[in-house]
Structure formats: C-alpha cells, structure tokens
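# got a structure for you, letters missing:
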C-alpha cells in the first residue's frame, strides 16, 4: 500500500491545485475519464466553440430587417467539429502528459473509491479491485455526470447526450431534443442554427423554468420562432425506425428523427465514491462542506459539482483556489466568501442571471421593486433594431432602492451586460453609486444597464 501526502480525485478544477508550491509532497491524481473534466471536454469550452458559428449562421439568416441581403448556405460540419476538438483534444493530451511527467506525482487512470476516511482503492478495467493507497489529505473534485431520463424503449435505440452529440460524424437532418434546461436550450440553438430541423420536448409549460419567469416566457416565445417546441409534453416512448428513431409524446403524436439527444440534466458523482465507508456527510446527493471547503472528515476536502448545486466552472475554479490556499496554509484558512453566483445560457437569445428572481423575493416576503429596461430603448438597441419585449434587462432591488437583489438579462451579450451588476452586488454598491459614480460609454449597449439603474434611483 502506497502512502501519499495528497490525493486529488478528478482533473477538472481539482487538477489546478497542484503547482510548484507542492514540490516535495507526494501526490496522487485519479482520473477515470478525460483529463480536464467536464468543462474542457464535454461542457463549457466545446459547446461555446459550437455556439459561436451557430450565432454567425443565425445572424446570416436573420439580417433582412437591417436592410441586408445576407443568406446562409450551410455548414461544413466536419470542419466545425474538427476545429473544436483539434484544440480541445490537444489540451487534454497535454494536461495528461504534463502530470505524468512530474516528479512526485503519480497519475492513476482509473475509477477510485473510498475504503475508509483516508484509504482509496482503484478499479480494474473488468471492475475488479486494483491498487490501494492512503493519503493524509484528500480532495474530492469528482464532478458530475449526465442524467439520462427513464424513457420507455431508450435501452433499445441509439441516442446521444451532451457527452457524445458534439462528435457526430455529420450534421443530422432531424433531431429531437428531450429536455427544457440550459443544455437542451444551447444544443437546440446550435443545431437549428446550422440547419437541423430540431424538435424540443419539454414536460413543463415553459423552457428554462429555473430562470426568472419573465425571462423564461420571453425565451420560450423566441425559441418557438426558431425551432419546433413541444410544451407540456412528456416522452412516453422511443423506438427504432430505419436508421433513425421515432419519439412518441404524451399527446399521442410521433416525431421522427435521425438523432435523439437526451438533455435532462446532470447529477453529482458523490454516489460513486464509496463515501458510505467514511464519515463524510452526503446530503441530497452532494458532499457537505463548510466555508473552507472542508468535509465532515478532517483532512478531506471537496469542491465543484460534487459539493455544490451550481454546476458552474467559475464556481469550481474559485473553490479550487480556496482548497489550494488552505492546503498550503493550514494555520491561516481562507473562507469562500464571494457574493452571489452568476450564470449564463449561451442560446439565442443569450441569457444571464444573478441573485434573486422576482418570484424568489415574493416567496421570501421581501419588500422589493422591479425595473425592466428594453434594449430597444437605448441608442445601440436602435442600431440593432431590437423590438419591444425582445431583449431586456430586469433588476430586482430592495424597496428603498439601495440594494440590488437580482439581475436577469435576455438578449445579445447578456453575460457581458450582467458583469457590472455582479461586481456591484459583490462589492455592496447601491444602484445610485453604480449609475452615477462612473461614466457610461455612449452609445454602447451598456447603457441598458445604466438606464435600468437610473430607473431605480430617479
């Protein structure tokens, strides 16, 4: 049995912990899949590399209102795909080779689980028991995995998830996307923009129902103008039909497709780590940590999707920095004290959100005000020919107008527009301080934010 000073489970954000400051410590790194984790290989990075050409294609299709005679002639899918994975796969290989080449670092390319609080065992390819190791400090950064919905007949038909659909050999003519969340919304945008006839099946009355209701409604309306959206519909069965599949919906209708994409969410990998053999507390499928990212077992830390509900790379990266500092400075622990967590959905139109939704304020009984600013009411919005209700920023503020409680944007570059509001909320700045305490470039799209803030203070 080999003993290590530090063991890291997972090579997403957890892989960034071990740098030159850990020289002299013996380190074990465990990775059963591809180096770099979800974000690099099947998440944030490759998806956005597909989103960008999809945005360009959509613009080419929809520029007539600007007096432009543009058109879209089609996508060279293999070139798009290979541009993405030519870069991603090279980074993945480089990361793996770099770690393997370091003195004092052993890389285990296998699944690993706990035997007790500080003992780990690897798995062999046939599912047997492999090497057993111990470690003084253990970092659980095992991430999450796709959740495949329980659909009758699914075991008998070929289907894709977000892990596989980006590596298709050719652009499909028809696709059914099952799911109404952010993964489904982004892929529906990508494939429909590039020329695939997309049918999206959502069991609820709107798409992106976890978002602010106004944003969710507006996005649902926008999506129905771009691809076929089936709301309040469940998938009651799937079956093979020729080289493709046929999907049966709860209203009795059938939808034929060349590709079936199941995009019904992700779940943390805490249940795959043998944590029941330890004193590590798991609640609702998530490893419980304190403000220092410590689990309930001394010397065991956790970060990222396995220990929070956000499932966002920027959150995991920050938590990795917290863990790194605390491993290096055990007598000067740093707490995770950042403000509200922002997120974005890179669909069409783009969406970004931070803080409380209006319905959250209502449910919590918080006295509040709401200000909504359309893109079309500022000069750059005129340039874009943005129509009323098509793109907007919505602020939720305290009743006295002194505190920003939440912000939600729908429209072009929503994620960029949201950032100054994220900063304001994190630093405790009032709407008046943000609106009046700096110059706002005219006539930039940022005036959407300025005018929304002025709507609070005026």
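Arrived safely. Nothing here was measured: the structure is a model prediction, and the numbers come from that model.

# ok, longest helix in the chain?
As assigned by DSSP state H, the longest helix anywhere in the chain is helix 77-100.

# Any chance you could list what contacts it?
Here helix 77-100 makes contact (C-beta atoms under 8 Å, 6 or more residues apart in numbering) with 11, 15, 29, 31, 34-36, 40-41, 45-46, 49-50, 53, 105, 107, 166-171, 194. The C-beta positions use only the backbone N, C-alpha and C, and glycine is treated the same way.

# how about that helix: buried residues?
Neighbour-count burial for helix 77-100, with 16 or more other C-beta atoms under 10 Å as criterion, is recorded at 77, 80, 81, 84, 85, 88, 89, 92, 95, 96, 99.

# can these go into TSV with extra columns for distance to residue 316 and pLDDT?
What follows is those, written out as TSV (distance: C-beta to C-beta, whole Å; pLDDT from 0 to 100):
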residue	distance to residue 316	pLDDT
77	31	98
80	27	98
81	26	98
84	22	98
85	22	98
88	18	98
89	21	98
92	17	98
95	16	97
96	19	97
99	18	97
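
# Of those residues, which is the nearest to residue 352?
residue 84 (23.1 Å; C-beta to C-beta).

# rewinding a little: the contacts of helix 77-100 in helices, which ones?
40, 41, 45, 46, 49, 50, 53, 194.

# that older thread, looking at the buried residues of helix 77-100, which one is closest to residue 246?
Checking the buried residues of helix 77-100 one by one against residue 246 (C-beta to C-beta), the nearest turns out to be residue 77, at 23.6 Å.

# What's the separation between the closest one and residue 367?
Between residue 77 and residue 367 the distance is 52 Å, computed by C-beta to C-beta, to the nearest Å.

# can you check residue 314 too?
Residue 314 is 31 Å from residue 367, by C-beta to C-beta.

# Settle it for me: which of these two has more neighbours?
Shown here are residue 314 and residue 367; by other C-beta atoms under 10 Å, residue 314 has more neighbours (15 against 8).

# Kindly list the main-chain dihedrals of that one?
For residue 314, the backbone dihedrals (degrees, to the nearest 10) come out as phi -70, psi -30.

# Check the gap between it and residue 422 for me.
10 Å.

# what does residue 272 give?
Look at residue 272 and residue 422: by C-beta to C-beta, they are 33 Å apart.

# For those two, indicate the residue with more neighbours.
Comparing residue 272 with residue 422 by other C-beta under 10 Å, the one with more neighbours is residue 422, at 20 against 15.

# so the more buried one is in which element?
According to DSSP states H and E, residue 422 maps onto helix 414-427.

# got the contact list for residue 366?
Residues in contact with residue 366 (C-beta under 8 Å, 6+ apart) are 356, 398, 405.

# let's see 10 Å
356, 360, 396, 398, 399, 405 (C-beta atoms under 10 Å, 6 or more residues apart in numbering).

# The fourth one contacts residue 361, correct?
Yes: at 9.1 Å, residue 398 and residue 361 qualify as touching, with contact defined as C-beta atoms under 10 Å.

# When those two are compared, which one has more neighbours?
Set side by side, residue 398 and residue 361 show more neighbours around residue 361, with 21 against 17, by other C-beta under 10 Å.

# where does that one sit relative to residue 372, distance-wise?
Going from residue 361 to residue 372 by C-beta to C-beta gives 14 Å.

# Assess the claim that residue 442 and residue 451 are in contact.
No: applying C-beta under 10 Å as the test, residue 442 and residue 451 come out as separate, 11.1 Å apart.

# Which SSE is immediately downstream of the helix holding residue 422?
According to DSSP H and E, the helix or strand after helix 414-427 is helix 431-436.

# so for that following helix, what's the average pLDDT?
Per-residue pLDDT over helix 431-436 has a mean of 98.

# Next, the buried residues of that helix.
Buried residues in helix 431-436, counted by 16+ other C-beta under 10 Å: 431, 434, 435.

# same thing with stretch 285-293?
For stretch 285-293, by 16+ other C-beta under 10 Å, it's 286, 287, 289, 293.

# end to end, how far does it reach?
End-to-end distance for stretch 285-293: 16 Å, by C-alpha to C-alpha, to the nearest Å.

# Quick one: residues contacting the residue nearest to residue 357 when sequence neighbours are not counted.
Spatially, and ignoring its direct neighbours in sequence, residue 357 is nearest to residue 212 (4.3 Å; C-beta to C-beta, 6 or more residues apart in numbering). Residues in contact with residue 212, defined by C-beta under 10 Å, 6+ apart, are 218-219, 351, 353, 356-360, 370, 394, 396, 406-410.

# Which of these fall within helices?
Checked against DSSP H, the contacts of residue 212 include these in helices: 218, 219, 358, 359, 360.

# Could you check the pLDDT of the second one?
It refers to residue 219. 98.

# Now do the contacts for it.
Taking C-beta under 10 Å, 6+ apart as the test, what residue 219 contacts is 185, 206-208, 211-212, 345, 347-351, 410.

# export the residues you listed to JSON lines and tack on secondary structure and pLDDT?
Compiled in JSON lines, these are given as follows (DSSP: H, G, I helix; E, B strand; the rest coil; pLDDT from 0 to 100):
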{"residue": "185", "secondary structure": "helix", "pLDDT": "98"}
{"residue": "206", "secondary structure": "coil", "pLDDT": "98"}
{"residue": "207", "secondary structure": "coil", "pLDDT": "98"}
{"residue": "208", "secondary structure": "coil", "pLDDT": "98"}
{"residue": "211", "secondary structure": "coil", "pLDDT": "98"}
{"residue": "212", "secondary structure": "coil", "pLDDT": "98"}
{"residue": "345", "secondary structure": "strand", "pLDDT": "98"}
{"residue": "347", "secondary structure": "coil", "pLDDT": "98"}
{"residue": "348", "secondary structure": "coil", "pLDDT": "98"}
{"residue": "349", "secondary structure": "coil", "pLDDT": "98"}
{"residue": "350", "secondary structure": "coil", "pLDDT": "98"}
{"residue": "351", "secondary structure": "strand", "pLDDT": "98"}
{"residue": "410", "secondary structure": "strand", "pLDDT": "98"}
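
# any chance of the residues you listed in TSV, with distance to residue 21 too?
Shown next, in TSV, are the contacts of residue 219 (distance: C-beta to C-beta, whole Å):
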residue	distance to residue 21
185	40
206	48
207	45
208	41
211	40
212	42
345	36
347	40
348	43
349	43
350	38
351	39
410	43
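
# Looking at those, which is nearest residue 120?
Set against residue 120, the nearest of these by C-beta to C-beta is residue 345 (36.4 Å).

# can you list contacts of stretch 271-280?
Under the criterion C-beta under 10 Å, 6+ apart, residues 9, 32, 111-121, 138, 140, 142, 145, 270, 281-282, 285, 287-289, 295-298, 300, 302, 306 lie in contact with stretch 271-280.
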